[in-house]
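K.L.:
sequence plus predicted model, see below.
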Amino acid sequence: MMDKLYLVARIADTRVALRSRAIHSVVTVGAVVEVPAAPPHVAGLFALRSRVFTLIDPHVVVGLSSVPVAPGQRVVVVDVADHGYALLADEIEDVCFIEAPETRVTGKLLPGWARVAEAMIEHEGHSLLVVDPSHFINLPALKAA
Amino acid sequence: MGRTGTLMDDLLNDFLAETAEILAEAGGALVAWEADPADRAQLDAIFRLVHTIKGSSGFLALPRVTALSHAAEDALDQVRRGKRTADAALVTGVLAIIDRLGQLCEILGKKGVEPAGDDGDVIAALAVADTVPKAPTETGEVQLRREDDIATDLQGWRSIRVPLPLLDSVMTGVTDIVLARNEFARMLRESGANPSLIASFDRLSDSIAGMRQSVSQMRMQRIDKLFSPLPRIVRDLAQDLGKKVRFATSGGEVELDREMMENIRDPLIHIVRNAIDHGIEGLDERVAAGKDVTATIAVSARQSGNQIEIEVRDDGRGLSPDALVAKAMASRILSATDARALTPKEKLDLIFRPGFSTAAKITAISGRGVGMDIVKANVEKIGGIVELRSEEGRGLSILLRVPMTLTIISGLMVRAAGQYFAIPRGSVREILLETSDSVRIERVGGGELAIVRGEHYPLLRLETVLGRNRDHRDDVEDRALVIVRPGQGQSYALSVAAIHDHEELVIKPAAPMIMATGLYAGTTLPDNGRPVLLLDVQGILAVSAIDASEAGRRMEEAVEAEAAAAAERHAAQLLLFRDTNGRSRGVRLSVIERVEEVPALALFESAGRIQAQIGADIFPVHAATLPEGDGTLKLLRLHDGHMVLCYPIDAVIDIVRLPDMVQPALAPGLIAGVVLVGGEPVELIDPFWLMEQYAGGAAAPVLRPPVCRIADDPDGWGDNFLAPILQNAGYRVVSGASTEAADVLLCLTDDGAAAHPGDVPVIRLRASAAAASPDDDTVYRYDRGALLEALRRRVGGTRA
């Protein structure tokens, strides 16, 4: 049952579905501290309950220009390889069960999205990209945006 | 089924972890015992260890392990009972069994089952050694202590085995509690909570601090563990190389963070191997050097402040600075010029250079490309340093200094580009305000350097390193220099916008992409709840691509000094020329304005002096007569800053360095002395004297010295005493009988003036020291100063 639970959110100006098991939580971002000289998709660091999280800007990952972090913005917290990350979300819509099966990505995606999208899923009459949050974090060949 | 499997797995894992530890310990103990077979306690300890393995393996149904440990136990028991004596063969046999057990455990750990195989070979080897008959000794007493002493000793060993991940999670948990406490404390302060609430929070806070302490101690391990595999390594290596080595450890009770221990294990083993392979001489060489054939390697540990010092000392040949230099030059990691500038200590430090290997030939033992540079890098990675103390011919001691723990460090908080960063306090050597008197900042070729009390440091501005702009709110007065010493023999100045404070910081690794920048060593969360990045002071160097080695700096200074010295020597250059009389002469190049070629007609005689017209100017010429002919002639234009004098020459020969050795002329004159240039004597023109001849104003006919007539000199005092002084002072002296016109008349009698006609000035000399009356204008004849002064007043233009 858990496999069918998705978080529907708008990330990098695109509605996507994130598999709930890949997600730790959704929180409100605190004071963000910049990381000079870090890769462009690193938006900064923030502390949450005595843990330090690395904030990722998905806009940069898919090839858009970065957006400033607004106070009180919501972020999707994920754990990848024992480190805590948070993806900046434009909007968190819903957590819901989607009964439809995941299907292969059809159509040509922008290169940035092609890297992170794993599948597509039908939800309330719209096709959503199913993305793996860890793809936003580990980009071995990330070019400077 | 799953449950049983898990239980068995746990037991097996426990067994493997325990056995690995025991094997390492047993190896060391065996070697120690071999050195001193009478050490009963050591033998008992080994016996117990093997016995433990046998017991556990029987429970887990591992027949090969059981058989092997049984064989070893049996052999050792023979010795305990006095039926067998300890010898090298026995020890080698037991060590072979220990090795085999180690191999089996490794496979067990990977596959979970004991592999099939036969251990008859190692067991038989031990048994063969057994057949050599040995006279039994001390039989009776020993037999009584057998099982009972084992039982009592095991009682004293109260500890439990905890899986490392569990320990780590407890540590992480406590760290989180500390951070949460900090945040809570901040919120309490801000909310203005009532005192009783704060008091109870303080109690909680204290117990958290206590707990953190205990958990930190849980991570601590006796350094014994690090030392335990060493005796075995030493023994095997020494045997392979045919060397005799006595090995000793001390300070095993010192405790060190488990993680630190992992980090220095390999460096330590490498150093010990190096000591045996390269440090300890062969037997012949030791005998020749008058040393004990058995070398000593001592490994010791001690706590000093919040650091642990581990020293590996050998009594081998030590390091030869010159041999190191030769080696470094042969490996092309050092140029001959650089080599000369090195101090002895810097020469020793060459062994830390990448690509350096001290072995004359690559050996299988330590010359495998893993050099001291790796050792140094590993130790520095955990905030430690490596020091060398070498006594050539007497031995080498290598000191590793490492912090006790990694996770909680004392940090210096600094500000740059509007945010805070932490610098490990341990690598900060000094903090100075940039405006301080002892700091000077210089810009050189686009880079900057800070000079602090004469010491030069490369200067890095943190904002520049981070690729940020300075925050406009920063006060320039606050800017500070942090003198950072990231590793041994390296230092640089890091300029920051402001210094904040010191704090105890819990350091956590940052996300890999942040660590990959090379600028940060981790993150921390101070009391204010905003994350702070810990700067990687070593990484900053690498990213900035600056050479912060102190050795290099002194070298640069030497180069500068050399250049300055060369410039000074260049200043003292000599222009060689052939004078009009054909002689080789020279004059300092610096006094020559230029060499002029003029037509002979440009020279003319006027007012008794030869002059030259060059352009619109007229300059005096040092010549007695006008040149003959109407060709051209060369003139050296000598310039003293005020006037120009032309010196006619035949030809310029060369410009050479002024030799240091000058044979001075006896008397002042045109020629100041003689020097040898290329083996030929060259007369050195004295520009001082030359200029002096023409500097006396336009009126003075310098080539014709003023003439002094000495009158009334009946007893010859004037000729014999006075004339030489006057000649020295530049006057021509004529006697009273001469009819030549004189410029001044010296009258040696008080009253004879009337006899001399004309308007020539007269100086009267008196014989008595005291003046006859206040208006007496005579000069005492032995008062040289007054006499010359009187002459100068009356004639002028001569040497006073």
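P.N.:
Yes, it's here. Everything numeric here is computed off the predicted structure, so don't read it as measured data.
K.L.:
what's A:Pro58 sitting at in phi/psi?
P.N.:
Torsion angles at A:Pro58 (phi, psi; degrees, to the nearest 10) stand at phi -60, psi -20.
K.L.:
isn't it right up against A:Ile11?
P.N.:
Yes: using CB atoms under 8 Å, A:Pro58 is in contact with A:Ile11, at 4.7 Å. From N, CA and C alone the C-beta is placed, and that goes for glycine too.
K.L.:
need the residues touching each of the two.
P.N.:
Counting by CB atoms under 8 Å, 6 or more residues apart in numbering or on different chains, the shared contacts of A:Pro58 and A:Ile11 are A:87-88.
K.L.:
pLDDT at B:Gly305, what is it?
P.N.:
Looking at B:Gly305, its pLDDT stands at 54.
K.L.:
actually B:Arg340, not the one I wrote
P.N.:
Reading off the model, B:Arg340 has pLDDT 80.
K.L.:
count of neighbours near B:Ser300?
P.N.:
Using other CB atoms under 10 Å in any protein chain shown, B:Ser300 has 19 neighbouring residues.
K.L.:
just confirm it is within a strand.
P.N.:
Yes: under DSSP: H, G, I helix; E, B strand; the rest coil, B:Ser300 sits within a strand.
K.L.:
my guess is it contacts B:Ile310. True?
P.N.:
Yes: contact between B:Ser300 and B:Ile310 holds when scored by CB under 8 Å: they sit 7.4 Å apart.
K.L.:
hmm, B:Leu626 is touching B:Ala602, no?
P.N.:
No: in this structure, B:Leu626 is not within contact of B:Ala602 by CB under 8 Å, at 10.6 Å.
K.L.:
who has more neighbours out of these two?
P.N.:
B:Ala602 (18 against 12).
K.L.:
could you pull up phi and psi at the more buried one?
P.N.:
phi -70, psi -20.
K.L.:
what sits against it?
P.N.:
Taking CB under 8 Å, 6+ apart, we find B:Ala602 in contact with B:612-614.
K.L.:
what's the closest non-adjacent residue to whichever residue of the stretch 151-300 of chain B sits closest to chain A?
P.N.:
Using CB to the nearest CB, the single residue of the stretch 151-300 of chain B nearest to chain A is B:Leu179, 3.4 Å away. Among residues not flanking B:Leu179 along the chain, A:Ser50 sits closest, at 3.4 Å (CB to CB, 6 or more residues apart in numbering or on different chains).
K.L.:
tell me the contacts of that neighbour?
P.N.:
Taking CB under 8 Å, 6+ apart, one finds B:176, B:179-180, B:182-183, B:525 in contact with A:Ser50.
K.L.:
most neighbours of all those, which one?
P.N.:
Counting neighbours by other CB under 10 Å, B:Leu525 leads the contacts of A:Ser50 with 25 neighbours.
K.L.:
pretty sure that residue sits against B:Glu504.
P.N.:
No: contact between B:Leu525 and B:Glu504 fails when scored by CB under 8 Å: they sit 11.9 Å apart.
K.L.:
please report how far the residue in the stretch 451-600 of chain B that chain A sits nearest to lies from B:Met211.
P.N.:
Nearest to chain A, among the residues of the stretch 451-600 of chain B, is B:Leu466, at 3.5 Å (CB to the nearest CB). With distances taken as CB to CB, to the nearest Å, B:Leu466 is found 37 Å from B:Met211.
K.L.:
likewise for A:Val80?
P.N.:
30 Å.
K.L.:
picking up where we left off before, quick check: the gap between the residue nearest to B:Leu179 and B:Arg186.
P.N.:
In terms of CB to CB, A:Ser50 sits 11 Å off from B:Arg186.
K.L.:
for B:Ala124, same thing?
P.N.:
Counting by CB to CB - B:Ala124 and B:Arg186 are separated by 71 Å.
K.L.:
same thing with B:Ser410?
P.N.:
Taking CB to CB, one finds B:Ser410 at 20 Å from B:Arg186.
K.L.:
now swap in B:Gly279 and tell me
P.N.:
Taking CB to CB, one finds B:Gly279 at 55 Å from B:Arg186.
K.L.:
comparing these two, which residue is more hemmed in?
P.N.:
B:Gly279 (25 against 14).
K.L.:
once you drop chain neighbours, what's closest to the more buried one?
P.N.:
B:Gly316 (3.5 Å).
K.L.:
wait, a strand at B:Ala71?
P.N.:
No: under three-state DSSP, B:Ala71 falls outside any strand and is assigned helix.
K.L.:
that one reaches B:Ile98, doesn't it?
P.N.:
No: B:Ala71 lies out of contact with B:Ile98 (CB under 8 Å); the separation is 11.2 Å.
K.L.:
quick one: name the residues of chain A near chain B.
P.N.:
Counting by CB under 8 Å from any CB of the partner chain, chain A comes close to chain B at A:30-31, A:33-39, A:42, A:45-47, A:49-52, A:54, A:81, A:83, A:85, A:137.
K.L.:
are any of these buried, and which?
P.N.:
Applying a neighbour-count criterion of 16 or more other CB atoms under 10 Å in any protein chain shown, the buried members of the residues of chain A next to chain B are A:30, A:33-39, A:42, A:45-47, A:50-52, A:54, A:83, A:85, A:137.
K.L.:
what's the burial count for B:Pro163?
P.N.:
Around B:Pro163 there are 12 residues (other CB under 10 Å).
K.L.:
same question for B:Leu791.
P.N.:
Neighbour number of B:Leu791 under other CB under 10 Å is 24.
K.L.:
so which helix or strand takes in it?
P.N.:
Using DSSP states H and E, B:Leu791 sits in helix B:784-795.
K.L.:
pull the distance from that helix to the chain's centre.
P.N.:
64 Å (CA atoms, centre = their mean, to the nearest Å).
K.L.:
next one: phi and psi at the closest residue to B:Glu680 other than its chain neighbours?
P.N.:
Nearest non-adjacent residue to B:Glu680, counting by CB to CB, 6+ apart: B:Ser584, 6.4 Å away. Main-chain dihedrals, B:Ser584, degrees, to the nearest 10: phi -80, psi 120.
K.L.:
how about the contacts made by B:Ser584?
P.N.:
B:576-578, B:653, B:677, B:680-683 are the contacts of B:Ser584 under CB under 8 Å, 6+ apart.
K.L.:
count the residues that sit near the closest residue to A:Ser134 other than its chain neighbours.
P.N.:
Excluding its sequence neighbours, the residue lying closest to A:Ser134 (CB to CB, 6+ apart) is A:Val80, at 4.7 Å. Residues lying near A:Val80 (other CB under 10 Å) number 20.
K.L.:
with B:Ile763 instead?
P.N.:
The burial count for B:Ile763: 20, using other CB under 10 Å.
K.L.:
and it, what element?
P.N.:
strand B:762-766.
K.L.:
same check on B:Leu745?
P.N.:
In this assignment (DSSP H and E), B:Leu745 forms part of strand B:744-747.
K.L.:
just the residues contacting stretch B:763-775, thanks.
P.N.:
Applying CB under 8 Å, 6+ apart, the external contacts of stretch B:763-775 come out as B:744-750, B:753, B:776-782, B:787, B:790-791, B:794.
K.L.:
identify each buried residue in it, please.
P.N.:
Within stretch B:763-775, the residues that count as buried by 16+ other CB under 10 Å are B:763-766.
K.L.:
give me the longest strand you can find in chain B.
P.N.:
Looking across chain B with DSSP state E, the single longest strand is strand B:644-657.
K.L.:
name the helix or strand of the chain that has the lowest mean pLDDT.
P.N.:
Since no chain was named, I'll use chain A. Between all helices and strands in chain A, the lowest mean by mean pLDDT, DSSP states H and E belongs to helix A:111-116, at a mean of 78.
K.L.:
nope, chain B please
P.N.:
Ranked by mean pLDDT, DSSP H and E, the weakest helix or strand in chain B is helix B:139-144, scoring a mean of 35.
K.L.:
isn't B:Arg583 up against B:Pro681?
P.N.:
No: counting by CB under 8 Å, B:Pro681 is not a contact partner of B:Arg583; they are 9.5 Å apart.
K.L.:
hey, what's the residue nearest to B:Pro664 when sequence neighbours are not counted bridged with?
P.N.:
Counting by CB to CB, 6+ apart, B:Gly673 is the residue found nearest to B:Pro664 once chain neighbours are left out, at 4.2 Å. Assessed by DSSP bridges, B:Gly673 has beta-bridge partners B:Pro664, B:Leu684.
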